[in-house]
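J.: Next one to model:
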Amino acid sequence: MDIILSNSSGKPIYEQIADQVKEQIMTGALVAGDALPSMRLLAKELRISVITTKRAYEELERDGFLENVPGKGCFVAPQNKELLREAQLRKVEDKLAQAVEEARKGAFSLEELHDMLDILYKGDEL
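T.: Below is the predicted model of the structure:
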């Protein structure tokens, strides 16, 4: 499991961990039943506090991404495909809202924004 932490991101470390694990689950890099490193091992690998990894794992469990099996460890929980799609949709909406804000700053028309989106979405098909 690859996790890269940034001191300059502005996000708390536990949130960076949780976000990256969620991303790996949503992209299929981690699938239901996959074991995650123990909290202690992950803390050691990332050179952070066990309390931080515990908080990240608790958040992931609360959100339904992980299952904690006492005595065995944490595992990726079976995912509801609709919930995963909804989470991905929220991410896309956030990014598009940022793009719209930038387009307004640049005084781009809605048509120009549509054209850019078409080009970016279709990519090599054009």
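
J.: ok, which stretches of the protein are helices?
T.: 13-26, 39-46, 50-62, 81-105, 110-122 (DSSP state H).

J.: Can you give me the first-to-last residue distance of stretch 56-70?
T.: With C-alpha to C-alpha, to the nearest Å as the measure, stretch 56-70 spans 17 Å from end to end.

J.: what do you get for stretch 102-114?
T.: 14 Å.

J.: Can you lay out the helices of the chain as JSON lines showing distance to residue 69?
T.: Glycine gets a C-beta too; all of them are placed from N, C-alpha and C. Compiled in JSON lines, the helices of the chain are given as follows (distance: least, C-beta to C-beta, whole Å):
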{"stretch": "helix 13-26", "distance to residue 69": "17"}
{"stretch": "helix 39-46", "distance to residue 69": "13"}
{"stretch": "helix 50-62", "distance to residue 69": "11"}
{"stretch": "helix 81-105", "distance to residue 69": "21"}
{"stretch": "helix 110-122", "distance to residue 69": "41"}
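
J.: and those, which one's lowest on average pLDDT?
T.: Mean pLDDT is lowest for helix 81-105 among these, at a mean of 89.

J.: any idea how the chain splits into domains?
T.: Using automatic domain parsing, the domain ranges for the chain come out as 13-76, 81-125.

J.: most packed of the ones you listed?
T.: domain 13-76 (a mean of 16; mean count of other C-beta atoms under 10 Å).

J.: How far away from the center of its chain is that one?
T.: 12 Å (C-alpha atoms, centre = their mean, to the nearest Å).

J.: same thing with stretch 69-79?
T.: 19 Å.

J.: can I get the domains of the chain in CSV with distance to residue 1?
T.: Formatted as CSV, those follow (distance: least, C-beta to C-beta, whole Å):
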stretch, distance to residue 1
domain 13-76, 6
domain 81-125, 18
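
J.: which one of the helices of the chain lies closest to residue 73?
T.: In terms of C-beta to C-beta, the element of these nearest to residue 73 is helix 39-46, at 9.0 Å.

J.: Alpha carbons only: can I get the closest one in CSV?
T.: Taking C-alpha atoms only, helix 39-46 is exported to CSV below (Å, rounded to 0.1, in the frame of the first residue of the first chain):
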residue,chain,number,x,y,z
MET,A,39,-1.6,0.5,12.7
ARG,A,40,1.8,0.1,14.4
LEU,A,41,3.5,-1.1,11.2
LEU,A,42,2.0,1.7,9.1
ALA,A,43,3.1,4.2,11.7
LYS,A,44,6.6,2.8,11.7
GLU,A,45,6.8,2.8,7.8
LEU,A,46,5.5,6.4,7.6
